[in-house]
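J.: sequence first, predicted coordinates after that:
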Amino acid sequence: MSTSRRDFIKTLGISAAATGLSGLAACAPPTAKKQLIPEMAPLQPPFRLPEDWYRQTIARLQEKVGENGLDGMICKDVWNIVYLSGLFHSTTERPFWLFVPKTGEPSIFGPGLDRDLISTWWIKDAAWYFDFPHHGLYDQVVYERGPKADLDAWMLEHLAKRGFAEATLGIEKAVPEATINQWKKTLPKANFKSAGDIMMKMRVVKTPEEIELTQKAIDLHDHMLEYARAYILDRGTETTDFEVRHATQEYATHLLMKWLPLDGKPHTGVGISLNFGCRAGVATAYPHPNQFFYHKIQKGDAIQIASVIRIGGYGGEGYRALQTNPMNDLQKKMWEVHTEQTLTMGELCKAGTPCNEVAEKVLDIAHKNDMEKYIYHRPAHGEGMEGHQEPYLSLGDETILQEGMMFSNEPGLYNPEGGFGYNHSNNILVGKDKGLRMNKTPLTKEWCWLTL
């Protein structure tokens, strides 16, 4: 007979009072054979970077702006804006800009629907337009029809009012000549220079504050994986990968909300995402499957449990490739080789090493074990707020690793013909002498090989 989710929660020693899934003690699944879920210490604030960190980051950018002969930097990419200002906002077709001058205070120009977010944040120099497409008046709601306005021109006019009509202005990426020519109609004496590498070079090397916030997310990653594993062991072949996913995500959300106070106002509880994935059986045999996951777990299935969490915009990956008994020899070998690749990659991520050297050595492990046909992708990508971030642990990336860079850890192996595949992942922090695996979830057979 299958147990209900509420019954399962009770077997873990979790109080269902108030929130229904809040509170965590040392949690025991229903039989002595099942592993205990370690107690998780409450996460402590802050749950986002403080205003002072963003002010210091603006100051670091201003120093680099001056070194590169620029008078200011125009930022339009959402991740650059969030990184520099801490102003979390939703992106749509509506343009949003942050301008950072070489000296002085930054400015924000955005859509009217975000005016309360903007006005309650620390950057006070701001202007807004009503909506998009827009015409006519600004900094107020309008009601009359009219011709579409050029919002790029509106933003540039604001820069002119602030003394930058003849400035050398950095932009995040190269733009078509036609666009520059259009901008020149508004600021004919300005010079626009592509300088996007300034921002990316800052973002890929994390500060101690960013690392600390990331570790909080990774700690919750680990706990979600423990919970999901226990849920699978408890429910066995009576559950689906769909149910594992949603039960784990719900549980972790209630848990985090015990520690993170929310008041419904802007700038609290920002950059939060608690995404959990579970796929079992044939779906594990594809790196990026495109189907909906609703598979009743069976004995002999490969199962991937995967958490991708952000707290205050920071986090990373936490995946574990599970395999249920009975197992055949090829499944055992593929899992073992993939796990060796995963552990080796983490060790190799030390400062001074070229990205493609790490990739070559990791992929060679599969090659030497006659696993070429099961290789589908590079070992890892850089990890940032947007998920995939430069640089890449790939054969074509010659970037030299620096302390403070972060990477995923996922040199997966996949067997569509056999109907199984394996893809662990961790969050790796590049260190002076070796990489640091921030995730603590075991990568052992004892933890990953399950008997249902």
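T.: Looks like it arrived, so ask away.
J.: and residue 199, what are its phi and psi?
T.: Residue 199 adopts backbone torsions of phi -70, psi -50, taken as degrees, to the nearest 10.
J.: go ahead and confirm residue 262 touches residue 269.
T.: Yes: under the criterion of C-beta atoms under 8 Å, residue 262 makes contact with residue 269 at 4.7 Å. For the C-beta atoms, the positions are set from N, CA and C on the backbone; glycine is no exception.
J.: which of the two has more neighbours?
T.: residue 269 (19 against 9; other C-beta atoms under 10 Å).
J.: tell me if that one really is in a strand.
T.: No: counting by DSSP: H, G, I helix; E, B strand; the rest coil, residue 269 is not found in a strand; it is coil.
J.: how about low-confidence regions in the protein?
T.: 1-36, 136-137 (pLDDT under 70).
J.: how is it carved up into domains?
T.: 5-39+207-450, 51-204 (automatic domain parsing).
J.: nearest to residue 45, of those?
T.: domain 5-39+207-450 (7.8 Å; C-beta to C-beta).
J.: quick one: that closest one to chain centroid distance?
T.: Offset of domain 5-39+207-450 from its chain centre (C-alpha atoms, centre = their mean, to the nearest Å): 13 Å.
J.: just stretch 189-198 next, same as before
T.: 28 Å.
J.: now stretch 97-117: buried residues?
T.: Residues 97-102, 106-112, 114-115, 117 are the ones in stretch 97-117 that count as buried (16 or more other C-beta atoms under 10 Å).
J.: how far does it stretch from start to finish?
T.: The straight-line separation of the ends of stretch 97-117 (C-alpha to C-alpha, to the nearest Å) is 14 Å.
J.: centre of the chain to it, how far?
T.: Distance, centroid of stretch 97-117 to centroid of chain: 24 Å (C-alpha atoms, centre = their mean).
J.: which residues touch the nearest residue to residue 152 once chain neighbours are set aside?
T.: Counting by C-beta to C-beta, 6 or more residues apart in numbering, residue 152 lies nearest to residue 183, which is 6.4 Å off, once chain neighbours are set aside. With contacts defined as C-beta atoms under 8 Å, 6 or more residues apart in numbering, residue 183 is in contact with 152, 153, 156, 190, 192.
J.: redo those as JSON lines? Include distance to residue 62 and neighbour count.
T.: Listed next are these as JSON lines, based on distance: C-beta to C-beta, whole Å; neighbours: other C-beta atoms under 10 Å:
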{"residue": "152", "distance to residue 62": "23", "neighbour count": "17"}
{"residue": "153", "distance to residue 62": "26", "neighbour count": "14"}
{"residue": "156", "distance to residue 62": "20", "neighbour count": "25"}
{"residue": "190", "distance to residue 62": "19", "neighbour count": "19"}
{"residue": "192", "distance to residue 62": "18", "neighbour count": "19"}
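J.: may I ask which two of the residues you listed are separated the most?
T.: 153 and 192, at 13.7 Å, using C-beta to C-beta across the contacts of residue 183.
J.: show the contacting residues for residue 344.
T.: Contact analysis of residue 344 by C-beta under 8 Å, 6+ apart lists 361, 362, 365.
J.: check which helix or strand the first one maps to.
T.: Applying DSSP states H and E as the criterion places residue 361 in helix 355-368.
J.: returning to what we had before: and which of the contacts of residue 183 is nearest residue 416?
T.: residue 152 (47.1 Å).
J.: next, the closest one: phi, psi?
T.: Residue torsions, per degrees, to the nearest 10, at residue 152 are phi -60, psi -40.
J.: so it makes contact with residue 184?
T.: No: at 11.3 Å, residue 152 and residue 184 do not qualify as touching, with contact defined as C-beta under 8 Å.
J.: joint contacts of the two?
T.: Residues within reach of residue 152 and of residue 184 at once, by C-beta under 8 Å, 6+ apart: there are none.
J.: ranges for the strands of the stretch 201-350 of the chain?
T.: 273-280, 302-311, 314-324 (DSSP state E, counting those that start in this stretch).
J.: next: the stretch 351-452 of the chain.
T.: Assigned by DSSP E, counting those that start in this stretch, the strands in the stretch 351-452 of the chain fall at 380-384, 387-393, 406-407, 413-415, 420-422, 428-429, 436-437, 449-450.
J.: could I get those strands as CSV with mean neighbour count and distance to residue 49?
T.: Formatted as CSV, the strands of the stretch 351-452 of the chain follow (neighbours: other C-beta atoms under 10 Å; distance: least, C-beta to C-beta, whole Å):
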stretch, mean neighbour count, distance to residue 49
strand 380-384, 24, 14
strand 387-393, 19, 17
strand 406-407, 28, 15
strand 413-415, 22, 37
strand 420-422, 28, 35
strand 428-429, 26, 17
strand 436-437, 18, 21
strand 449-450, 16, 39
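J.: okay if I get the ones you listed as a markdown table plus distance to residue 297?
T.: Output for those, formatted as a markdown table (distance: least, C-beta to C-beta, whole Å):
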| stretch | distance to residue 297 |
| --- | --- |
| strand 380-384 | 28 |
| strand 387-393 | 28 |
| strand 406-407 | 31 |
| strand 413-415 | 19 |
| strand 420-422 | 13 |
| strand 428-429 | 30 |
| strand 436-437 | 28 |
| strand 449-450 | 10 |
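J.: nearest to residue 68, out of those?
T.: Per C-beta to C-beta, nearest to residue 68 of the strands of the stretch 351-452 of the chain: strand 387-393, 18.6 Å.
J.: what angle separates that closest one from strand 314-324?
T.: Inter-element angle recorded for strand 387-393 and strand 314-324: 80 degrees (by axes from the mean of the first three to the mean of the last three C-alpha atoms, to 10 degrees).
J.: can you list the strands that strand 387-393 pairs with?
T.: Strand pairing for strand 387-393, determined by DSSP bridges: strand 380-384 (antiparallel).
J.: can I get the CA coordinates of the partner strand in CSV?
T.: Coordinates of the C-alpha atoms in strand 380-384 are reproduced here as CSV (Å, rounded to 0.1, in the frame of the first residue of the first chain):
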residue,chain,number,x,y,z
ALA,A,380,31.2,22.0,-17.5
HIS,A,381,30.2,25.7,-18.0
GLY,A,382,31.0,28.7,-15.9
GLU,A,383,28.4,29.4,-13.2
GLY,A,384,26.8,32.8,-12.7
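J.: backbone dihedrals for residue 115, please?
T.: Per degrees, to the nearest 10, the backbone of residue 115 is at phi -60, psi -30.
J.: was I right about it contacting residue 130?
T.: No: with contact defined as C-beta under 8 Å, residue 115 and residue 130 do not form a contacting pair (9.7 Å).
J.: show me what the residue most central in space within the chain bridges to in the sheet.
T.: In the chain, the residue lying closest to the centroid (C-alpha atoms, centre = their mean) is residue 387, at 3.7 Å. Note on residue 387: beta-bridge partners by DSSP bridges are residue 384.
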